[in-house]
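>>> sequence and computational prediction follow.
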Amino acid sequence: MYIYSMDSKKYFDSAKVSEKTLKTYHSLYVNHLKQYEKSGLIPLKDVEKNADKILKKEISNNTIMTILSLYINIMIANGIDETKVKEKHRNLFDKKKSDTMERKSKKNSLPSYDELISFNNHLYKKQEWLSYIVSFLLTNYVVRNEDIDVKIIDNIKQNNGKDNYILLRKTDCVYIRNRYKTFKNYGVKKIVIRSKKFRNAIIEFIKKINESGKSQLYEDGILPLFTSNSNLTQTITNHTYQHITESDIAKIVVSNVDLNKNMKEIDRISNSRGTTRDVLLSEYRLSDRT
């Protein structure tokens, strides 16, 4: 049986904040905390579990910190020990501070967007097909490492609904993701890639595998992009410019967008990566890069 103890009204009825702040808090409660209610109250036994769920939300750290602050205030108003949740809040604050310092230190050391594109062109000219495929997906679709762990197929029926694929078609490719970080939020993602260079790179990669005598990997028309993913991060950075991470590439690409002229591009990246615009702008944008 649930022990109900968290009543949000106990805080909202006595909160000494401005009307504007109170309105914001009400909105945050409805959108992010009300889901944890049972019979209009939040069970005492779920208090800390809820805090952990809040920390995993696909929203910016700033918003998460504000929600946790509100949550802590409601706990205090209900006479509930907020120590453990405060510690989670403090840890997130420390992480955000550290991430901010890291971004500031990187803004002058990371390569430019133009360098990434030049690197892609160089890979294509040198016929470094695997590196080109990896770098193309990272710079054009700002995906994560797991998203690039794909298998190349030539028939949609080979899609098992669990793995990630690049479907090779007559004039284009379809990038299919059944497995990625935010799958539960966004579901299966399918992106049609019409780049002739990318499609040709896929074809040449298959030829290279066959010519190397490793054609046994291409079983039933299914070819894994990587033969092993024991250390996927290292495998992928081996193919990127200056061996930078997918996270750094995301920062470079997002920071290259002129927000005054092309917010649609941010929305496109948001959709392809599977994250919110809010997270992209708060966690990945290098503030003084245009």
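Received it, and whenever you're ready, just let me know what you need.
>>> how about the longest helix seen in the chain as PDB, C-alpha atoms only?
Determined from DSSP state H, the single longest helix within the chain is helix 83-106. Presented in PDB, the C-alpha positions along helix 83-106 are these (Å, rounded to 0.1, in the frame of the first residue of the first chain):
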ATOM      1  CA  THR A  83      19.200  15.900   1.900                       C
ATOM      2  CA  LYS A  84      19.600  13.200  -0.700                       C
ATOM      3  CA  VAL A  85      17.800  15.100  -3.500                       C
ATOM      4  CA  LYS A  86      19.800  18.200  -2.600                       C
ATOM      5  CA  GLU A  87      23.000  16.200  -3.100                       C
ATOM      6  CA  LYS A  88      21.800  15.100  -6.500                       C
ATOM      7  CA  HIS A  89      21.100  18.700  -7.300                       C
ATOM      8  CA  ARG A  90      24.500  19.800  -6.100                       C
ATOM      9  CA  ASN A  91      26.200  17.100  -8.200                       C
ATOM     10  CA  LEU A  92      24.400  18.200 -11.300                       C
ATOM     11  CA  PHE A  93      25.400  21.800 -10.600                       C
ATOM     12  CA  ASP A  94      29.000  20.800 -10.200                       C
ATOM     13  CA  LYS A  95      28.800  18.800 -13.500                       C
ATOM     14  CA  LYS A  96      27.200  21.700 -15.300                       C
ATOM     15  CA  LYS A  97      30.000  24.000 -14.000                       C
ATOM     16  CA  SER A  98      32.600  21.600 -15.100                       C
ATOM     17  CA  ASP A  99      31.000  21.100 -18.600                       C
ATOM     18  CA  THR A 100      30.800  24.900 -19.000                       C
ATOM     19  CA  MET A 101      34.500  25.300 -18.200                       C
ATOM     20  CA  GLU A 102      35.300  22.500 -20.600                       C
ATOM     21  CA  ARG A 103      33.300  24.100 -23.400                       C
ATOM     22  CA  LYS A 104      35.100  27.400 -22.800                       C
ATOM     23  CA  SER A 105      38.500  25.800 -23.000                       C
ATOM     24  CA  LYS A 106      37.500  23.900 -26.200                       C
END
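>>> for that helix, buried residues please.
Residues of helix 83-106 classed as buried: 85-86, 88-89, 92, 96, 103 (neighbour count, 16 or more other CB atoms under 10 Å). Placement of C-beta: from N, CA and C, glycine included.
>>> stretch 260-276 too?
For stretch 260-276, burial by neighbour count (16+ other CB under 10 Å) applies to 266, 269-270, 272-276.
>>> which stretches in the stretch 151-290 of the chain count as strands?
Remark: strands assigned in the stretch 151-290 of the chain by DSSP state E, counting those that start in this stretch are 164-168, 173-177, 189-193, 223-224.
>>> whichever strand or helix holds S27 packs against which elements?
Using DSSP states H and E, the element containing S27 is helix 19-28. Applying 3 or more CB pairs under 8 Å, 6 or more residues apart in numbering; DSSP states H and E, one finds that helix 19-28 contacts helix 9-12, helix 61-77.
>>> so which of these is the most packed in?
Most buried of the helices and strands packed on helix 19-28, by mean neighbour count (mean count of other CB atoms under 10 Å): helix 61-77, with a mean of 19.
>>> and the gap between D248 and V150?
Distance of D248 to V150, computed by CB to CB, to the nearest Å: 21 Å.
>>> check I64 too.
According to CB to CB, I64 stands 31 Å off from V150.
>>> Y132 too?
Y132 is 14 Å from V150, by CB to CB.
>>> can you check V134 too?
10 Å.
>>> one more: N238?
Counting by CB to CB, the gap from N238 to V150 is 16 Å.
>>> need the helix or strand of the protein with the lowest average pLDDT.
Lowest on mean pLDDT, DSSP states H and E among the helices and strands of the chain sits strand 4-6, with a mean of 72.
>>> still on that earlier bit, quick one, which of D248 and V150 is more surrounded?
Between D248 and V150, counted using other CB atoms under 10 Å, V150 has the larger neighbour count: 24 against 20.
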